[in-house]
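Enquirer: this is the structure alone, sequence omitted:
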């Protein structure tokens, strides 16, 4: 992989990317409030399960398929994958998250030269979800698909670790232990996603959906999801 491709993936995975990822806990805050993830050990296990049971089965395979679709100009596949993401977000706040982060990444792409004007216009013509917008940004790096998924998963892990530090709450050392545990799980999660044939992705995480609905009316909260 070219150095330029690697650095662009690192950029996309960085929590400093101005897309608002820091403002979401993806239901972790509700899990802490309900007692499912109120310690370092519980929070770590929760996030590992979420990585394997949710991310590896939905967002990661969609990104893999969308990267290929962007690179082959398959606009029908891109639209279908984007619609699938939006339709399978099981609560209002989870859908709002992917829409907001998708729009923010679209604006980031408009201010960079990593994607063609045609592809940016195609993305803007739909209600862009974050995974499909990320796939366009990653496709433009010319990095291997597996590297794109590793970057996405690590960026997600960093954001979720920071959410755990703030919501459990935990110290920085505990956060680093959680991030280390997640990083060790990422390659297997990515390989699982890559092994899924097109159309085999799934979104079935009942506990996430229930807690997300509860989080929407949670009395006191730090995060938007």
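Expert: Looks like it came in fine. Just so we're clear, the structure is a prediction, and the values are computed from it rather than from any experiment. Residues are numbered from 1 along each chain as shown.
Enquirer: just checking, residue 58 touches residue 196?
Expert: No. Using Cβ atoms under 8 Å, residue 58 makes no contact with residue 196, being 9.9 Å away. Yep, even glycine has a C-beta here, placed from its N, CA and C like the rest.
Enquirer: neighbour count for these two, which is higher?
Expert: Between residue 58 and residue 196, residue 58 has the larger neighbour count (other Cβ atoms under 10 Å), namely 22 against 18.
Enquirer: look up how far residue 89 lies from the more buried one.
Expert: 10 Å (Cβ to Cβ, to the nearest Å).
Enquirer: just give the nearest non-adjacent residue to the most centrally placed residue in the chain, would you?
Expert: Residue closest to the mean C-alpha point of the chain, counted by Cα atoms, centre = their mean, is residue 156 at 5.4 Å. Spatial nearest neighbour of residue 156, chain neighbours left out: residue 55 (6.4 Å); criterion: Cβ to Cβ, 6 or more residues apart in numbering.
Enquirer: so who does that neighbour touch?
Expert: Listed by Cβ atoms under 8 Å, 6 or more residues apart in numbering, the contact partners of residue 55 are 153, 156, 189.
Enquirer: and the first one, how close does it get to residue 173?
Expert: As judged by Cβ to Cβ, residue 153 and residue 173 stand 22 Å apart.
Enquirer: quick one: buried residues of the helix or strand hosting residue 180?
Expert: Using DSSP states H and E, residue 180 sits within helix 172-195. Residues of helix 172-195 classed as buried under the neighbour-count rule (16 or more other Cβ atoms under 10 Å) are 174, 175, 177, 178, 179, 181, 182, 185, 186, 189, 190, 193.
Enquirer: repeat for stretch 116-130
Expert: Result for stretch 116-130 [16+ other Cβ under 10 Å]: buried residues 119, 120, 122, 123, 126, 127, 128, 129, 130.
Enquirer: which residues touch the closest residue to residue 109 other than its chain neighbours?
Expert: Distance criterion Cβ to Cβ, 6+ apart; nearest residue to residue 109, sequence neighbours excluded, is residue 115 at 5.0 Å. For residue 115, the contact set (Cβ under 8 Å, 6+ apart) comprises 109, 123, 136, 137, 139, 140.
Enquirer: roughly how far out does whatever helix or strand the third one lives in sit from the chain middle?
Expert: The one in question is residue 136. Following DSSP H and E, the helix or strand that holds residue 136 is helix 130-139. How far helix 130-139 lies from its chain's middle: 10 Å, per Cα atoms, centre = their mean, to the nearest Å.
Enquirer: re the thing from before, and the buried residues of helix 172-195, which two are furthest apart?
Expert: Across those, the longest distance by Cβ to Cβ is 27.8 Å; it joins 174 and 193.
Enquirer: and residue 2, what's its pLDDT?
Expert: We have a pLDDT of 85 for residue 2.
Enquirer: pLDDT on stretch 142-157, on average?
Expert: pLDDT averaged over stretch 142-157 gives 97.
Enquirer: please read the previous query as pertaining to stretch 87-105.
Expert: pLDDT averaged over stretch 87-105 gives 96.
Enquirer: which of the residues in that stretch are buried?
Expert: Quick answer for stretch 87-105 (16+ other Cβ under 10 Å): 88-91, 93-95, 97-105.
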